[in-house]
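Enquirer: fold the stuff below for me.
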Amino acid sequence: MQLKEGKERFIEAWGALGSSWGITRTMAQIHALLLVSTVPLSSDDVMKQLQISRGNVNTNMRMLVEWTLVHKKLIPGERKEFFVAEKEMSKVVKSIIIARRKRELEPMLRLLDELTEVGGDNDEAEGFRSVISDLKLYSNKADKALDALIKVDSNWFFSTFLSFIK
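Expert: All right, here's what the predicted structure looks like:
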């Protein structure tokens with residue numbers, strides 16, 4: 001397989017994987033393109049290589065920067081903005097965990113807090129509160145586990161993770 005085909009296959013696969021992170025295929029494909037690029041790319045470069053619109057590139061690039069998966073790179077003498085992907089995989093994993101936690105888990109924890117206050121003294125209300133209480137317990141445990149993963153040393157995390165999958 002030639003490099004061009006390898007890059008195309010990686011970009012397509014990373015794009016498909018992106019939906020499991022909770023991001024769009026296009027956002028993941030832009031990230032993949034920047035990951036495998038050895039030079040900073042402008043929005044025009046990304047548009048051309050992925051054949052997508054400027055608006056699509058700009059919207060997704062802002063999100064990638066917000067997630068800290070991509071950084072702006074200033075190039076002297078250039079007026080365009082250039083972008084590079086974070087290439088240290090431990091930082092990439094942490095950024096994804098932080099972003100998903102903020103978008104998914106934290107709103108759920110806030111909702112569960114509100115739902116524990118549901119009134120009623122019949123069996124149905126008691127059953128509802130019991131389910132919510134259990135969900136809240138496990139959601140808080142998940143939150144604490146994610147917090148620990150975010151704070152842990154990268155080398156320890158990956159060596160521990162690899163030992164689990166062996």
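Enquirer: can I assume I23 sits in a helix?
Expert: No: with DSSP: H, G, I helix; E, B strand; the rest coil as the criterion, I23 is coil rather than part of a helix.
Enquirer: I'd say it and T59 touch.
Expert: No: contact status for I23 versus T59: not in contact, 11.7 Å apart, counting by C-beta atoms under 8 Å. C-beta coordinates here come from the backbone N, C-alpha and C atoms, glycine included.
Enquirer: which one's more surrounded, these two?
Expert: The neighbour count for I23 versus T59, taken as other C-beta atoms under 10 Å, is higher for I23 (23 against 14).
Enquirer: next, name the residue at the spatial heart of the chain.
Expert: Nearest to the geometric centre of the chain sits I96, at 3.0 Å (C-alpha atoms, centre = their mean).
Enquirer: helix, strand, or coil at that one?
Expert: helix.
Enquirer: can you pull out the low-pLDDT segments for the protein?
Expert: Within the chain, the stretches with pLDDT under 70 are 153-166.
Enquirer: cutoff 90 now
Expert: Along the chain, the model assigns pLDDT under 90 to residues 1, 3-4, 16-24, 78, 88-105, 115-121, 123-127, 129, 142-166.
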